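J.: sequence first, predicted model second:
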Amino acid sequence: MRKLLFALAIVVSASTNASASDLSIDDLLGRWCGKESTYTFTEEQLSVARRDGGPLKNGPVLKIVKVEATPDQIDVYWEPLGPGHFTRFELSPDKRQLHQVAETVGDKGPRRLFRRCK
């Protein structure tokens, strides 16, 4: 019985520590500058501005419905919620670079690199 309780305690501790290190919406908040556009995240939306002032494929404001995160990536789901209405992001270990993962569904956008704006 003691061995079972000890093993259970280790599993609970490991799952608690893993979730504590997950990325969150807080890691996205603020301005991100890319080659073609600038993203500004708040807890409720993403504002997109093209650097050349040209037209946008989506936006200029996308409403955030929910966020799911792991230690390696953040999935942001957009309104209207449905298949393909999310974008996956990865952050560098120092959280100064943001990679928008290339999409295979939805608008099928390319991989994009952003850096924290100064």
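T.: Cool, the structure landed. Numbering: from 1, shown residues only.
J.: which pLDDT value belongs to G109?
T.: As predicted, G109 sits at a pLDDT of 80.
J.: just the strands in this protein please.
T.: Counting by DSSP state E, the chain has these strands, from start to end: 30-34, 37-41, 45-50, 61-69, 74-78, 86-91, 97-100, 112-116.
J.: residues in contact with the longest one?
T.: What that stands for is strand 61-69. With C-beta atoms under 8 Å, 6 or more residues apart in numbering as the test, strand 61-69 has contacts from 22-25, 27-28, 43-48, 74-79, 81, 85. Backbone N, C-alpha and C define where each C-beta goes, glycine included.
J.: can you tell me which residue is nearest the centre of this structure?
T.: I74 (3.2 Å; C-alpha atoms, centre = their mean).
J.: let me see the contact set for that one.
T.: So I74 contacts L23, S24, I25, D27, L28, V67, E68, R88, F89, E90, L91 (C-beta under 8 Å, 6+ apart).
J.: try it again at 7 Å.
T.: Residues near I74 by C-beta atoms under 7 Å, 6 or more residues apart in numbering: L23, D27, L28, V67, F89.
J.: how far off centre is stretch 47-64?
T.: The chain centroid and the centroid of stretch 47-64 are separated by 17 Å under C-alpha atoms, centre = their mean, to the nearest Å.
J.: buried sites along it?
T.: Burial within stretch 47-64, assessed by neighbour count using 16 or more other C-beta atoms under 10 Å, is assigned to V48, G59, L62, I64.
J.: pick the one among those residues closest to T104.
T.: L62 (19.0 Å; C-beta to C-beta).
J.: show the pLDDT at the closest one.
T.: The confidence metric pLDDT takes the value 93 at L62.
J.: ok, the one 5 residues further on next?
T.: If you check V67, the pLDDT there is 95.
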